[in-house]
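Participant: just need the structure, nothing else, for what follows:
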Amino acid sequence: MALFSQLGNYRNFGLLIMRAGLGVMMMIHGLPKLMGGPKEWEDLGNAMGHLHIHFLPVFWGFMCAVTEAIGGLFCILGLWFRLVSLLMTINFIVAAVSHFSAGDGIKGAGHAVELAFVFFGLLFIGAGAFSIDKN
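Facilitator: Numbering: from 1, shown residues only. Model (predicted):
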């Protein structure tokens, strides 16, 4: 369609918008988890039990919180973007498995599944030109 034919010239700006929006939302969700302390981290880390990983739940919960909070900031900046995208993908796969294991079905796990696909796709695309790394 001719109306949208020039938008391809602004794909780096589109990636910036996606990075900023996703990054802000990850920070909004991750900062309370990060500030929650060891009890909250343990509750988060217990989700790894659905993957038969039962050791160090506080560590896994802390890593989840750091991935969302600090990873969200790095997502906005485009810093270590592919690494952040990989960690977010893993984070949301664990979240989806946790929802499915709890019997929530696709309605409960849908958000996590969608974000896992988004971050997995961004892993291949990269941060674009408007990033700190610029790779």
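Participant: give me the mean pLDDT for stretch 97-108.
Facilitator: Rounded to a whole number, the mean pLDDT of stretch 97-108 is 94.
Participant: show me what whichever helix or strand Ala112 is part of is packed against.
Facilitator: Here Ala112 is covered by helix 105-125, with elements defined by DSSP states H and E. Packing partners of helix 105-125 (3 or more C-beta pairs under 8 Å, 6 or more residues apart in numbering; DSSP states H and E): helix 11-35, helix 81-101. The C-beta positions use only the backbone N, C-alpha and C, and glycine is treated the same way.
Participant: what's the angle between the last one and helix 11-35?
Facilitator: It stands for helix 81-101. If you take axes from the mean of the first three to the mean of the last three C-alpha atoms, to 10 degrees, helix 81-101 sits at 60 degrees to helix 11-35.
Participant: what are the buried residues along helix 81-101?
Facilitator: 81, 84-100 (16 or more other C-beta atoms under 10 Å).
Participant: how deep is Val24 tucked in, by neighbour count?
Facilitator: Other residues within reach of Val24 by the criterion other C-beta atoms under 10 Å amount to 14.
Participant: ok, so what distance separates the most centrally placed residue in the chain from His29?
Facilitator: In the chain, the residue lying closest to the centroid (C-alpha atoms, centre = their mean) is Met88, at 3.3 Å. In this view, Met88 and His29 are 11 Å apart by C-beta to C-beta, to the nearest Å.
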